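In: sequence-free structure coming up:
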């Protein structure tokens with residue numbers, strides 16, 4: 001960034017840290033000052049661009065938004081791989097899927113409470129978690145207290161009483177997309193994102209998306225024209241998916257009762273599961289939205305910026 005040779009471009013991939021420590025706050029403050037020495041700043045979302053301009057007061061350096069690219073062909077190819085036949089029973093009922101590290105920022109404790117609430121009216125609901133992380137044991141314990149029966153995947157584990165499980169913790173997978181063919185909806189329950197690549201990958205495979213309205217990323221992916229103003233109480237049926245009110249991080253605990261926003265999220269999932277027409281519309285629209293993240297499109301945007 002401080003180089004005097006050639007053009008200096010800073011690429012910013014994240015919003016301010018969730019529940020930041022003093023060290024993380026200092027790093028964020030220091031970087032906001034360092035940005036001023038660059039020739040241009042590129043953010044991976046328009047929301048981060050807005051954050052830098054309005055909150056960090058970075059207003060004397062040009063800021064551009066260029067999304068990370070996704071190899072859409074590779075994702076499509078990997079999704080066609082046939083998973084182990086022992087999971088074929090998942091085709092028999094509604095299935096939700098989510099992909100991400102098992103960490104606090106992903107809001108999976110909220111999601112588990114939502115799944116438990118949905119199960120009251122849809123007892124055959126299943127949920128697949130792809131990923132691993134520091135919060136796994138906490139999530140397993142919460143699942144037990146919620147009355148959800150959990151399957152924990154390992155290479156040596158085989159399903160015997162398949163239909164008895166509600167939640168499937170599949171760990172880190174070399175090919176997570178093989179499990180998308182079982183799912184009816186992709187769910188993102190995050191408290192914070194940078195730009196959710198997982199949402200775009202799900203869209204590219206025609207999977208309807210329902211997401212929390214967290215900072216940053218989901219809103220501009222799901223709504224056609226995002227003004228970045230948070231709607232605190234309403235579920236929004238957008239152009240490319242469903243956006244639910246962001247969770248209140250002050251309720252980020254292991255309680256088994258659902259908050260108001262969790263109940264809204266739960267009802268939105270039930271509504272979408274019962275509406276095949278809307279699912280099909282989102283499947284088609286999502287694929288179109290994902291095209292904006294193709295390697296060809298992103299490469300052109302970078303070349304245009306560098307050659308200015």
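Out: Thanks, I have the structure now. No experiment lies behind these values; they were computed from the predicted model shown. Numbering: from 1, shown residues only.
In: to what extent is residue 283 buried, counted in neighbours?
Out: Residue 283 has 15 neighbours, counted by other C-beta atoms under 10 Å. From N, CA and C alone the C-beta is placed, and that goes for glycine too.
In: ok, the nearest residue to it once chain neighbours are set aside - contacts?
Out: Among residues not flanking residue 283 along the chain, residue 206 sits closest, at 4.1 Å (C-beta to C-beta, 6 or more residues apart in numbering). Each residue near residue 206 by C-beta atoms under 8 Å, 6 or more residues apart in numbering is listed here: 283-284, 286-287.
In: got a quick PyMOL command for the buried subset of those residues?
Out: Those of the contacts of residue 206 that count as buried under 16 or more other C-beta atoms under 10 Å are selected in PyMOL with:
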select buried, resi 286+287
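In: nearest to residue 188 among the contacts of residue 206?
Out: Nearest to residue 188 among those: residue 286, at 12.9 Å, using C-beta to C-beta.
In: where does that closest one land in three-state SS?
Out: Secondary structure, DSSP: H, G, I helix; E, B strand; the rest coil: residue 286 is helix.
In: tell me how far the residue nearest to residue 82 when sequence neighbours are not counted lies from residue 202.
Out: Nearest non-adjacent residue to residue 82, counting by C-beta to C-beta, 6+ apart: residue 178, 7.2 Å away. Relative to residue 202, residue 178 is positioned 14 Å away (C-beta to C-beta, to the nearest Å).
In: look at these two and report which has more neighbours.
Out: residue 202 (28 against 18).
In: and residue 139, that one's in a helix?
Out: Yes: the assignment for residue 139 is a helix, going by three-state DSSP.
In: so what's the nearest residue to it once chain neighbours are set aside up against?
Out: Once flanking residues are discounted, residue 139 sits nearest to residue 108: 5.5 Å by C-beta to C-beta, 6+ apart. Taking C-beta under 8 Å, 6+ apart, we find residue 108 in contact with 98, 102, 129, 135, 139, 189.
In: what pLDDT is listed against residue 108?
Out: On pLDDT, residue 108 comes in at 96.
In: one more: residue 157?
Out: Residue 157 is given a pLDDT of 63.
In: again with the one 5 residues further on
Out: Among the per-residue scores, residue 162 holds a pLDDT of 62.
In: gap between the strand or helix carrying residue 118 and the chain center?
Out: Assigned by DSSP states H and E, residue 118 falls within helix 108-119. Relative to its chain's centre, helix 108-119 lies at 16 Å (C-alpha atoms, centre = their mean, to the nearest Å).
In: and if you look at stretch 256-276?
Out: Between the centre of stretch 256-276 and the centre of its chain there are 17 Å (C-alpha atoms, centre = their mean).
In: who touches that stretch?
Out: Contacts for stretch 256-276 (C-beta under 8 Å, 6+ apart): 94, 96, 110, 113-114, 116-118, 121-122, 142, 145-146, 184-185, 187, 189, 208, 210, 212, 233, 235, 242, 244-248, 251, 278-279.
In: hmm, 7 Å instead?
Out: Residues from elsewhere that reach stretch 256-276 (C-beta atoms under 7 Å, 6 or more residues apart in numbering): 94, 110, 113-114, 117-118, 121-122, 145-146, 184-185, 208, 210, 235, 242, 244-245, 247-248, 251, 278-279.
In: in helices, which of those fall?
Out: Counting by DSSP state H, the contacts of stretch 256-276 place 110, 113-114, 117-118, 145, 278-279 in helices.
In: need the max-distance pair from those residues.
Out: 145 and 278 (33.2 Å).
In: re earlier: tabulate the contacts of residue 206 (JSON lines), appending pLDDT.
Out: Shown next, in JSON lines, are these (pLDDT from 0 to 100):
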{"residue": "283", "pLDDT": "97"}
{"residue": "284", "pLDDT": "97"}
{"residue": "286", "pLDDT": "97"}
{"residue": "287", "pLDDT": "96"}
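In: can you add distance to residue 296 and give the contacts of residue 206 back as TSV?
Out: Listed next are the contacts of residue 206 as TSV, based on distance: C-beta to C-beta, whole Å:
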residue	distance to residue 296
283	23
284	21
286	19
287	16
